[in-house]
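> One predicted model, sequence on top.
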Amino acid sequence: MLEPSLGDFMDIRADELVNLIYEKSREAFNIIKRYVHRTPVDLSRSFSQMTEYKVFLKYENLQKTGSFKVRGALFKVYNLMLQGVRGVVAASAGNHAQGVAFAAQIFGLRAVIVMPLTASIAKVEATRSYGAEVILHGTVYDEAETFAKRISEEQGLAFVHPFDDVDVIAGQATIAWELLEQLEDFDAIVVPIGGGGLVSGIISVLKRVKPEIKIIGVEAEHAPKMYESIRSGKPVTISPKPSIADGLVTKKPGEITFAIVSRFIDDIVTVSEEEIAMAIHLLLERGKVLAEGAGAASLAALISGKVKLRKGMKVVALVTGGNIDATALYRVLLRGLLNQGRIARLRGEVLDVPGSLERVLSVIAGHRGNVLDIKHDRYELRASPWHAVVEILVEVPSRKVAQEILRDLKVKGFDFELID
Ligand SMILES: Cc1ncc(COP(=O)(O)O)c(C=O)c1O
């Protein structure tokens, strides 16, 4: 359990911020309703069975632009338009970029989005498709942000921060208003934390309207900045590692988000890369839902048993986004199949004479194993004399079947092992 250490000053400021965001979020809900989807929320029988809770999923992966980020961007850009700005500029490798580009298109403002050179082609193209000017600059987000701020000053465009902004947070808070209309009651909500804008918005509404609802934050183990900051009693900068939940990778929480989250969050848990990957996999296979890493993190926290709540509670998990590259998805699914033992990698030696490989393959076929890939290397220097090294990637119904294949190969004189 997270043990916060905070002074009174933070508490007073957090209360004021929450009140302000609460008021703004009601206005935001009225404004952005016209432009966003009211995303569905459903009880998931599969995930309820896997946990001790009644699990409800809210599908923000089906939101316009593929993530909830468009909510905050719309309310922020709307307010900027009222103030008469000439245009907006933002830095992002992902969902914030698309949200701001979409919002600027709706309100007829110029949008310049700085994306790091490492941003995926799919995300760059999606951002351009909303009419934004995309500039590729820097290898990491920080460099893109510095450049975006320079453009903001030089060209008089308003910089739109991805999370540390009361209007952006009020926009994200509209998810909470929507949920309160959709679900008669619920006991807890699990929310992924990047910079903390989303969870600050959820807190600002729920802690005012239904303070008994538990709010649990989820961070990637590779980027636990809010967790570490709360433990230290002030926002700290961490050195995050890359994560499949790229939307959750930030170095430091915001000033506003830290004040709110540290005062009001009930708990923060962290999830591993394996747990996130497994949640993406399960959402797709069981739920027919395509989620990106950050979008699957809240479910990962529930399935892994890290969220500790009373058995039988009604728990909402926010599936916050679905923008995952085909290549990233492919890797996640392959990893998942390997972990579940549904794909096995076998390695062994065969005598380098005609027919040896065929005999190995017939054993595999006898167990209905489907060969995906074979490497047959007769030049491997470490192989026994007159032998070739063979590595076979095979699809099997279960790990037990892979073990049976190994056993039958042994009976036929082939010494193979499972290497994945
Ligand atoms: C899909 C998704 N989920 C969650 C988050 C975290 O949101 P926040 O940075 O407001 O905490 C992000 C942030 O980009 C995101 O893209």
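Cool, the structure landed.
> Tell me which residue of the stretch 251-400 of the chain lies closest to the ligand.
Gly321 (2.7 Å; C-beta to the nearest ligand atom). Backbone N, C-alpha and C define where each C-beta goes, glycine included.
> For the closest residue in space to that residue that isn't next to it in sequence, give its distance to Glu143.
Nearest residue to Gly321, sequence neighbours excluded (C-beta to C-beta, 6 or more residues apart in numbering): Ser67, at 3.3 Å. If you measure Ser67 against Glu143 using C-beta to C-beta, to the nearest Å, the figure is 23 Å.
> And these two? Which one has more around it.
Neighbour count, other C-beta atoms under 10 Å: between Ser67 and Glu143, Ser67 has more, with 26 against 15.
> Isn't that one up against Gly293?
No - Ser67 lies out of contact with Gly293 (C-beta atoms under 8 Å); the separation is 11.9 Å.
> Tell me the residues that contact both of these two, please.
Gly247 (C-beta atoms under 8 Å, 6 or more residues apart in numbering).
> circling back to that earlier point, how far away is the residue nearest to Gly321 from the ligand?
5 Å (C-beta to the nearest ligand atom, to the nearest Å).
> and the residue of the stretch 251-400 of the chain closest to the ligand, how many neighbours?
Quick note: Gly321 (other C-beta under 10 Å) scores 28 neighbours.
> Pull the number of nearby residues for the closest residue to Tyr130 other than its chain neighbours.
Using C-beta to C-beta, 6+ apart and skipping the chain neighbours, the partner closest in space to Tyr130 is Ala101 (3.7 Å). When neighbours are counted by other C-beta under 10 Å, Ala101 registers 29.
> Hmm, Ala101 is touching Glu125, no?
No - contact criterion C-beta under 8 Å: Ala101 and Glu125 do not qualify, at 11.3 Å.
> got any ranges where the protein has weak pLDDT?
1-12 (pLDDT under 70).
> That one against the ligand: which residues are in contact?
Within the chain, the residues that sit near the ligand (C-beta under 6 Å from any ligand atom) are 67, 69, 94-96, 163, 192-199, 247-248, 292, 294-295, 320-321.
> Where do the helices of the stretch 151-300 of the chain begin and end?
Using DSSP state H, counting those that start in this stretch, the helices of the stretch 151-300 of the chain run over 166-172, 174-182, 197-209, 225-232, 255-264, 273-285, 293-303.
> Let me see the contact set for Leu338.
So Leu338 contacts 344-345, 420 (C-beta under 8 Å, 6+ apart).
> For the residue of the stretch 1-150 of the chain found nearest the ligand, give me its contacts.
For the stretch 1-150 of the chain and the ligand, the shortest gap (C-beta to the nearest ligand atom) falls at Asn95, measuring 3.7 Å. By C-beta under 8 Å, 6+ apart, Asn95 lies in contact with 65-67, 69, 247, 321, 323.
> mind running it again at 10 Å?
Counting by C-beta atoms under 10 Å, 6 or more residues apart in numbering, Asn95 touches 63, 65-70, 73, 123, 126-127, 162, 194, 246-247, 292, 294-295, 320-323.
> circling back: now tabulate the helices of the stretch 151-300 of the chain in CSV and tack on distance to His37 and mean neighbour count.
Conversion of those to CSV gives the following (distance: least, C-beta to C-beta, whole Å; neighbours: other C-beta atoms under 10 Å):
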stretch, distance to His37, mean neighbour count
helix 166-172, 14, 30
helix 174-182, 10, 21
helix 197-209, 17, 26
helix 225-232, 28, 22
helix 255-264, 25, 24
helix 273-285, 18, 22
helix 293-303, 15, 30
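> a markdown table for those helices, including distance to Leu333?
Below are the helices of the stretch 151-300 of the chain laid out as a markdown table (distance: least, C-beta to C-beta, whole Å):
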| stretch | distance to Leu333 |
| --- | --- |
| helix 166-172 | 29 |
| helix 174-182 | 28 |
| helix 197-209 | 26 |
| helix 225-232 | 29 |
| helix 255-264 | 33 |
| helix 273-285 | 6 |
| helix 293-303 | 12 |
